[in-house]
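Q: Turn this into a structure:
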Amino acid sequence: MGLGGSWDETPYGTAEIDEAEAAIQTALDSGITVFDHADIYRRGKSEAVFGEVLARTPGLRERIVLQTKCGIRQADGTLPGLYDLRAATIARRAEESLTRLRTDVLDVLLLHRPDPLADPAETGEALSALHRQGLVRQFGVSNMSGAQIALLKQHTDVPLVANQLEMSLARRDWVEDGVLLNTPAAARSGFPTGTLEYCLRHGIRLQAWGALAQGRFTGRQQTPEERATAALLTTLAEAKGTTPETILLWWLQRHPARIAPVIGTARPSRIHACRDAALRPPELTHEEWYVLWVTARGAQLP
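A: Purely as a prediction, here's the structure:
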């Protein structure tokens, strides 16, 4: 999301392409080979500058996995931002992403947000058609519940391989939901119960957007809980010979759902700080995982 310059209509230039190249190379050097896009990021410029780097780097496309998302329409004139999972829109947006990314095929296409007006049969057929045409290899969803995924699966013959949700040590409702059952706090969770279990049961990989919690534990601490968690992350990182960013990602990866963090930064230094999450298995004990959780929530578990 950070590639391509500003969010307005200002065209990107050589500086933005060079910035994208530096981010991509740092990721590759750090063991990261999956790149997550969306057609709306920087109004398409994020995909476009990435495509420029692919064009100037022979052989790079074969070394990486390209994932993008469609389904959100940004505000335009008198129209507010809205969601659109009609078949024609999905097909058009996928083709536009292919053009911007300068590739013949997308490895993964995610549906970015649920569209309440979408006919699941029409949406499912749109995915099947893109697969038959050889334009998309695999599909998934983003910000959807287990029930929504189950309905979509009934209307397409392509497997859904991923569900991307906001998940981090700061955004904990996905894990809190599982332990607040039969407590007064359960109604305040808001997370769709059973979604993690559904994804596990059906082999749908959970991807965590916002995995670094927007820096709330690694430089932007404001609350007592955030400051205490930041101190704990630093202590654990020093003991394990890694970085606080890696500890944050290990906390997600340690979960049995095999959560794949999306680190969402274009800064090479920040990408490099996450390298051990790609190069080493999570080195958090059962107890360390829980201490991080309880420290971040600022209260004991029920």
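
Q: Looks to me like residue 168 is in a strand.
A: No - the assignment for residue 168 is coil, going by DSSP: H, G, I helix; E, B strand; the rest coil, so no strand is present there.

Q: Count the residues that sit near it.
A: 22 (other C-beta atoms under 10 Å). C-betas here are computed from N, CA, C, even on glycine.

Q: can you check the one 5 residues further on too?
A: Residue neighbour count, defined by other C-beta under 10 Å, stands at 16 for residue 173.

Q: ok, it - contacts?
A: Contacts for residue 173 (C-beta atoms under 8 Å, 6 or more residues apart in numbering) come out as 189, 190, 191.

Q: pLDDT below threshold where in the chain?
A: Filtered on pLDDT under 70, the chain yields no residues whatsoever.

Q: So what does the most centrally placed residue in it have for phi and psi?
A: The structure's the chain has its C-alpha centroid closest to residue 209; by C-alpha atoms, centre = their mean the separation is 3.5 Å. Backbone dihedrals for residue 209, given as degrees, to the nearest 10, come out at phi -90, psi 150.

Q: Over to residue 219?
A: Dihedral pair for residue 219: phi 130, psi -20, per degrees, to the nearest 10.

Q: number of nearby residues for the closest residue to residue 254 other than its chain neighbours?
A: In this structure, residue 254 finds its nearest non-sequential neighbour in residue 282, 4.3 Å apart by C-beta to C-beta, 6 or more residues apart in numbering. Residue 282 has 18 neighbouring residues, counting by other C-beta under 10 Å.

Q: Distance of residue 40 relative to residue 216?
A: Residue 40 sits 24 Å away from residue 216, taking C-beta to C-beta, to the nearest Å as the criterion.

Q: meant to ask about residue 274
A: Distance from residue 274 to residue 216, by C-beta to C-beta: 16 Å.

Q: who has more neighbours, those two?
A: Relative neighbour count places residue 274 above the other of residue 274 and residue 216, with 25 against 22, counting by other C-beta under 10 Å.

Q: just checking, the more buried one touches residue 244?
A: No - counting by C-beta atoms under 8 Å, no contact exists between residue 274 and residue 244, whose distance comes to 10.3 Å.

Q: so residue 222 touches residue 216, yeah?
A: Yes - shown here, residue 222 and residue 216 form a contact pair, counting by C-beta under 8 Å, at 7.4 Å.
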